[in-house]
Structure formats: C-alpha cells, structure tokens
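J.: need coordinates for the following:
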Amino acid sequence: QVQLVESGGGLVQAGGSLRLSCAASGSIFSINAMGWYRQAPGKQRELVATIRSGGSTNYADSVKGRFTISRDNAKNTVYLEMNSLKPEDTGVYYCNANVRVVGGIYNYSYWGQGTQVTVSS
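T.: Sure, this is the predicted structure:
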C-alpha cells in the first residue's frame with residue numbers, strides 16, 4: 001500500500017511563511033500528479049496547488065503569487081512553500097498523490113492525514 005505523511009503545519013501570524021512537506025512511501029511504481037488541498041471549518045475541501053511529474057503546476061487563484069509547489073521525484077516528496085499568509089489560509093492541508101503501485105495497472109488517488117495551518121490576524 002501507499003502512505004502519505006505530511007509535516008510542517010503550525011501557527012503563524014499574518015504575513016508570515018510556512019513550508020509543508022509530504023512524503024509518499026510504500027509499493028510505489030510511479031507517481032503522476034501530486035498536490036495540496038485544504039479544508040477550512042465549515043467549508044468543503046478545495047484545491048490549493050498541483051504539480052505533475054514533469055513539473056507543470058496549477059494553482060488556485062487565491063494563492064497565486066504567494067504559494068509555490070515543488071516536488072522531488074527521487075524522494076517521492078511534494079512541498080508547498082506558503083508566503084504572505086492570510087487568516088483566510090487557515091485550515092487543514094491535505095496532501096494528495098496519484099499513484100501506480102508496483103504490479104498495478106491503474107493509478108489511484110491517495111490522501112495524507114492532514115496538517116493544521118492556522119494564520120492569526
């Protein structure tokens with residue numbers, strides 16, 4: 001199976017920065033897209049940013065210019081550098097990876113357990 005483990009969340013003041021990491025492990029043959037999603041209290045989970053294995057990226061409009069997603073394919077790890085944080089960025093941030101396991105035919109979506117990000121005003 002596949003496990004995704006996130007780290008790097010915490011409490012920060014508005015205008016501050018945080019860096020999230022997510023490492024995938026297990027019987028991994030290949031990983032296509034990796035990404036970050038977030039869920040604020042009382043709201044649905046929303047896309048923050050994604051990155052394909054070739055490096056192409058996609059961002060939510062609300063984070064463009066402030067957040068940067070990157071990945072280390074050799075380490076099966078994805079990062080999210082968050083700058084100029086705002087209180088509305090508060091939420092649980094989830095890592096996602098589209099993975100083909102060893103011996104598998106199809107890619108499946110896996111999720112991490114989530115890491116809390118709180119931005120105080």
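
J.: residues near G114, how many?
T.: 18 (other C-beta atoms under 10 Å). Quick note: C-beta positions are derived from backbone N, CA and C, even for glycine.

J.: roughly how far does it sit from A24?
T.: Note on G114: its distance to A24, by C-beta to C-beta, to the nearest Å, is 15 Å.

J.: let me know the outermost residue of this protein.
T.: Residue farthest from the centre of the chain, counting by C-alpha atoms, centre = their mean, is G103 at 25.9 Å.

J.: just the C-alpha atoms of stretch 94-103, please, in CSV.
T.: Taking C-alpha atoms only, stretch 94-103 is exported to CSV below (Å, rounded to 0.1, in the frame of the first residue of the first chain):
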residue,chain,number,x,y,z
TYR,A,94,-4.1,17.6,2.8
CYS,A,95,-1.5,16.0,0.5
ASN,A,96,-2.7,14.0,-2.5
ALA,A,97,-0.9,11.8,-4.9
ASN,A,98,-2.0,9.9,-8.0
VAL,A,99,0.0,6.7,-7.7
ARG,A,100,0.5,3.5,-9.6
VAL,A,101,1.7,0.7,-7.3
VAL,A,102,4.1,-2.0,-8.1
GLY,A,103,2.4,-4.6,-10.2
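
J.: which residues does the spatially most central residue of the chain bridge with?
T.: With distances taken as C-alpha atoms, centre = their mean, the residue of the chain nearest its centroid is W36 (2.6 Å). Beta-bridge partners for W36, by DSSP bridges, are A49, C95.

J.: pull the contacting residues for it.
T.: By C-beta atoms under 8 Å, 6 or more residues apart in numbering, W36 lies in contact with L20, C22, V48, A49, T50, I69, V78, L80, Y93, Y94, C95, N96.

J.: could you measure from the nearest residue to the third one once chain neighbours are set aside over to C95?
T.: Going back to what we said before, that points to V48. Of all residues not flanking V48 in the chain, W36 sits nearest, at 4.3 Å (C-beta to C-beta, 6 or more residues apart in numbering). Per C-beta to C-beta, W36 is found 6 Å from C95.

J.: fine by me, thanks again.
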